[in-house]
Every structure is written in C-alpha cells, then in structure tokens.
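**Student:** Below: sequence and its predicted model.
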Amino acid sequence: MFQKDIFKGQKVVVTGGGSGIGYTTAKHFLQYGAEVLIASRKEEKLIKAQTELQEFGVCEYQVCDIREVESVELLAEKVKSLWGSLDILINNAGGQFPSRAEDIKIKGWNAVINNNLNGTWYVSQILAKAFFIPQKSGNIINIIANVFRGFPGMAHTGAARAGVDNLTKSLAVEWSPYQIRVNAVAPGIIKSTGLEQYPDEILKGLSDQIPLKTLGSTEDVANLTTFLASPMAKFITGETVYLDGGQRLWGDVFKV
Ligand SMILES: CCCCCCCCC/C=C/C(=O)SCCNC(=O)CCNC(=O)[C@H](O)C(C)(C)COP(=O)(O)OP(=O)(O)OC[C@H]1O[C@@H](n2cnc3c(N)ncnc32)[C@H](O)[C@@H]1OP(=O)(O)O
Ligand SMILES: NC(=O)C1=CN([C@@H]2O[C@H](COP(=O)(O)OP(=O)(O)OC[C@H]3O[C@@H](n4cnc5c(N)ncnc54)[C@H](OP(=O)(O)O)[C@@H]3O)[C@@H](O)[C@H]2O)C=CC1
C-alpha cells in the first residue's frame, strides 16, 4: 500500500502487540521500516511474537499491564532507554467478555472499564508527557469497537469505548499545539485470536448480520491504522473511523 520505507526511523509502541490485531499492526509498521515495541501482560506471548516479528525488523517488547500506572511508567522508561523518543502510539490492548447487562458483576464492570478506558488513558497521558508533548510531535491511534448503536451484550465495553471515542476528540484539540494527532479506529467483528473466547452460539451466523456478509481481518485493521499514522493522513485528527462492513448501520448481532 505504501512505499516500503514510509515509517523508516520511526519508533512505534503497540499495546497488545503480542496477538491478533496488535500483532498484525506491529508487523505492518516493521514492514514499512519502523522500529516497534510490543507491550502486554504475558511475557511468554510477547517473546514468541517478538521472535516471529524480528524477521521483519527491529522488534522490542515490554511486559506491561496498562491498568497499572507503575507498569506504564516502566514502559515509558523502557522506551526512553531504548530510543529516547517516540513517534507513534497504538492503544490496542483491551478486551471484555459477553454478558447481559443485569448479570455483570461490579468486579467485572470495573475490570472492563479499567482495561479499556482507564488503561488507554494512563498510557496516553504518560507517553504523551514523556515524549510527544516535549518533542512537539506525536501520533496516537486508539483501537476501540463498533459502539455506534451502543453495544448491547457488552454494555461495559460500549461505555468504555465511547469514553475513548470522546477522549480522542478532546485530546486532538488540547494537544494540537504540540502537533500531536489523535484518532481512533472502530473495528466491527474481526477474525482474530480475540474472537476465540466467544462461544460458538454467539459467533454462528454473525457474518449474515453484516451488510458486506463477511468478518474483517486483522490486516484490514492494520491497513487503516498505518494509514492514519502516516503522513498521508496528516490533516486528519480527532476522527473515529469505523471499519465494520457496514455493521454499525444494519443487522443485529444481539437478540432482544
Ligand atoms: C453479545 C454480542 C456479541 C457480539 C459478537 C462478538 C463481537 C466481538 C467484538 C469484540 C471482540 C473483541 O474485543 S476480541 C478481544 C477480546 N480479547 C480479550 O477480551 C482479551 C482480554 N480480556 C480480558 O483480559 C478479560 O476479559 C478482562 C475481564 C477484560 C480482564 O480480565 P482480568 O484478568 O482483569 O480479570 P478476571 O480476573 O479475568 O475477571 C475479573 C472479573 O470480570 C468478570 N469476568 C471476567 N471474565 C468473565 C466472563 N467470561 N464472564 C463473566 N464475567 C467475567 C468476573 O466478574 C471476574 O471476577 P471473578 O468473578 O472474581 O472471576
Ligand atoms: N476482534 C474483534 O472482533 C475486535 C477487537 N476489538 C479490540 O481490538 C483490540 C485487539 O483485539 P484482538 O486482537 O481481537 O484480541 P486479542 O485478545 O488477541 O488482543 C488483546 C490484546 O490486549 C492485551 N491486553 C489485554 N488486557 C491488557 C492489559 N490490561 N494490559 C496490557 N495488555 C493487555 C492482550 O495481551 P496479554 O494477554 O498478554 O495482556 C492481547 O494481546 C482489543 O482492544 C479488542 O477489544 C474491537 C472490536 C472488535
């Protein structure tokens, strides 16, 4: 899609880069010349991913739980010691579990809000203060979800992702004097490792409920994310781009 060296010399952090969408996104950045650090909770997963990704370029990793401020501060330290600067942050780490709203326990609600809203905020603020704001340059892409019509069946993540959608707009304006662009990608249903945790009865027939009659791929998400991070999107900020085969407009994956 791009010239091969479009991200040459750029330093990129991808949270949740050890699997699924984050892994493919890290791979794309490496293929286009960037150096990438992947960060998530499970070291074994990160080491395996790093070993594979190193085939495409310089890939580093850091164990990090985005819900823990101290852990995110260590991530910033790692970036500082490796590179001394940062160009692009992909806030991809996240997740939730399907549940009817009335059955979500307080602990489960808090786990999902902490993961998707608070975690994204901690990483964004800490890395922006450490790098983007003093550098007066930066680029943040938040991977959220298709919350266009709410998210029945996963109300917790709908609330958290809508929070990040709005945060994207606020930060795009507040941090514009530092030349930091902030955008979001809202994937619909993507064939990835993340879908494996959903029971078959939920997954069955899902593509029939999508106007384009197919699920998305991790490459689809990575293509859009790299585009938004590239100079080709230099006038785009504060935007959330849906990538869902039209699912936000039609079809019902949740039966009332
Ligand atoms: C419908 C439309 C479909 C629509 C069709 C499908 C559309 C899919 C679109 C989106 C797809 C994706 O995002 S795919 C990406 C998915 N990837 C992930 O979700 C991976 C990351 N997820 C996680 O780590 C977890 O789900 C998350 C809860 C967020 C964080 O886990 P933690 O380790 O912090 O916490 P845990 O100790 O596991 O759980 C904390 C509490 O959360 C609750 N909890 C956790 N898992 C639970 C579960 N499966 N069912 C009930 N409750 C659960 C319990 O109350 C737990 O407490 P106890 O009771 O004490 O145990
Ligand atoms: N697949 C889909 O259909 C859709 C996915 N999404 C979102 O896209 C993102 C990527 O999902 P996908 O690739 O499909 O699924 P994965 O489960 O493969 O990816 C989630 C990644 O996030 C990491 N992660 C989760 N919680 C934390 C945490 N607290 N701190 C640090 N890392 C964490 C996981 O790594 P580890 O376990 O090592 O921490 C994992 O690598 C997620 O935010 C997901 O919710 C949104 C819409 C649709």
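**Tutor:** That came through fine. Ligands and ions are numbered 1, 2, ... in the order given.
**Student:** Residues of the protein that sit close to ligand 1?
**Tutor:** Within the chain, the positions near ligand 1 by C-beta under 6 Å from any ligand atom are 95-99, 105, 107-108, 111-112, 115, 145, 153-154, 189, 194-195, 197-198, 202, 206, 253-254. Placement of C-beta: from N, CA and C, glycine included.
**Student:** Quick one: residues in contact with the helix or strand where Glu44 lies.
**Tutor:** In the assignment (DSSP states H and E), Glu44 maps to helix 43-53. With C-beta atoms under 8 Å, 6 or more residues apart in numbering as the test, helix 43-53 has contacts from 17-19, 23, 26-27, 30, 36, 38-40, 59-63.
**Student:** closest to Ala128 among those residues?
**Tutor:** Comparing the contacts of helix 43-53 against Ala128 with C-beta to C-beta places Ala39 closest, at 15.7 Å.
**Student:** any idea how far that closest one lies from ligand 2?
**Tutor:** Distance, Ala39 to ligand 2, by C-beta to the nearest ligand atom, to the nearest Å: 7 Å.
**Student:** Identify all residues paired with that residue through a beta bridge.
**Tutor:** Counting by DSSP bridges, Ala39 is bridged to Thr15, Gln62.
**Student:** neighbouring contacts of stretch 6-13?
**Tutor:** With C-beta under 8 Å, 6+ apart as the test, stretch 6-13 has contacts from 26, 29, 32-37, 39, 75, 79, 82-83, 85-90, 127, 226, 229-231.
**Student:** Stretch 217-237 now?
**Tutor:** With contact meaning C-beta under 8 Å, 6+ apart, stretch 217-237 is reached by 1-2, 6-7, 12, 20-21, 23-25, 27-29, 32, 88, 90, 139, 141, 143, 172, 176, 181-183, 185, 187, 190-192, 239, 241, 243.
**Student:** One more pass at 6 Å, please.
**Tutor:** Contacting residues not belonging to stretch 217-237 are listed as 6, 20-21, 24-25, 28, 88, 139, 141, 172, 181, 183, 185, 187, 191-192, 243 [C-beta atoms under 6 Å, 6 or more residues apart in numbering].
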